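>>> Just to be clear, the model below is a prediction. Sequence and coordinates:
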Amino acid sequence: MELIRSGRISEERIDNSVRRLLRETFVLGLFENPYADPDKAEETVGASEFTALGEAARRSLTVLTNDALLPLQGRPNLYIQGVIEQTASAYGNPVADPLDA
């Protein structure tokens, strides 16, 4: 609450985050069936295939540090997926085709 009062985080940002969490909760069916099967959860959590996927995702991150390129000037075209267009538009111009980015 203090971050909102101080203006460091907007109420709109909180609303967007809550909206995404509720959407995922709905997609996962947790409103209709909120209770997990403990035996199934024990089999799933920490399974090697999921751990490997998480490691691959972690290793695929790239940090840009080229001083000749960054910071970007103006408003670059951004191809986004899984990001609210309104949020991305604060950083550039969202485009539908990755070739346009």
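That came through fine. Numbering: from 1, shown residues only.

>>> tell me, which helix in this protein spans the most residues?
When the chain is parsed with DSSP state H, its longest helix is helix 11-27.

>>> just checking, what packs against that helix?
The helices and strands touching helix 11-27, judged by 3 or more C-beta pairs under 8 Å, 6 or more residues apart in numbering; DSSP states H and E, number zero. (Glycine included, C-beta is placed from N, CA and C.)

>>> What are the buried residues along it?
When burial is assessed from 16 or more other C-beta atoms under 10 Å, helix 11-27 yields no buried residues.

>>> Next SSE downstream of it?
For helix 11-27, the following helix or strand on the C-terminal side (DSSP states H and E) is helix 38-44.

>>> quick revisit: residues in contact with the longest helix of the chain?
When contacts are taken as C-beta atoms under 8 Å, 6 or more residues apart in numbering, the neighbours of helix 11-27 outside the stretch itself are Ile4, Phe31, Ile84, Gln86, Thr87.

>>> Report the distance from that helix to the chain centre.
11 Å (C-alpha atoms, centre = their mean, to the nearest Å).

>>> per-residue confidence averaged over it?
Average pLDDT, helix 11-27: 93.

>>> Repeat that for stretch 52-65.
77.

>>> shift numbering so it begins at 55
All right, first residue 55 from here; so that's stretch 106-119.

>>> Return it as PDB; C-alpha atoms alone will do.
Extracted as PDB, the C-alpha positions of stretch 106-119 are listed here (Å, rounded to 0.1, in the frame of the first residue of the first chain):
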ATOM      1  CA  ALA A 106      15.100 -29.100 -17.300                       C
ATOM      2  CA  LEU A 107      12.600 -26.700 -19.000                       C
ATOM      3  CA  GLY A 108      13.100 -24.100 -16.300                       C
ATOM      4  CA  GLU A 109      16.900 -24.400 -16.700                       C
ATOM      5  CA  ALA A 110      16.600 -24.000 -20.500                       C
ATOM      6  CA  ALA A 111      14.400 -20.900 -20.100                       C
ATOM      7  CA  ARG A 112      16.900 -19.400 -17.600                       C
ATOM      8  CA  ARG A 113      19.800 -20.000 -19.900                       C
ATOM      9  CA  SER A 114      18.000 -18.500 -22.900                       C
ATOM     10  CA  LEU A 115      17.900 -15.100 -21.400                       C
ATOM     11  CA  THR A 116      20.000 -12.500 -23.100                       C
ATOM     12  CA  VAL A 117      21.100  -9.200 -21.500                       C
ATOM     13  CA  LEU A 118      21.900  -6.400 -24.000                       C
ATOM     14  CA  THR A 119      24.800  -4.200 -22.900                       C
END
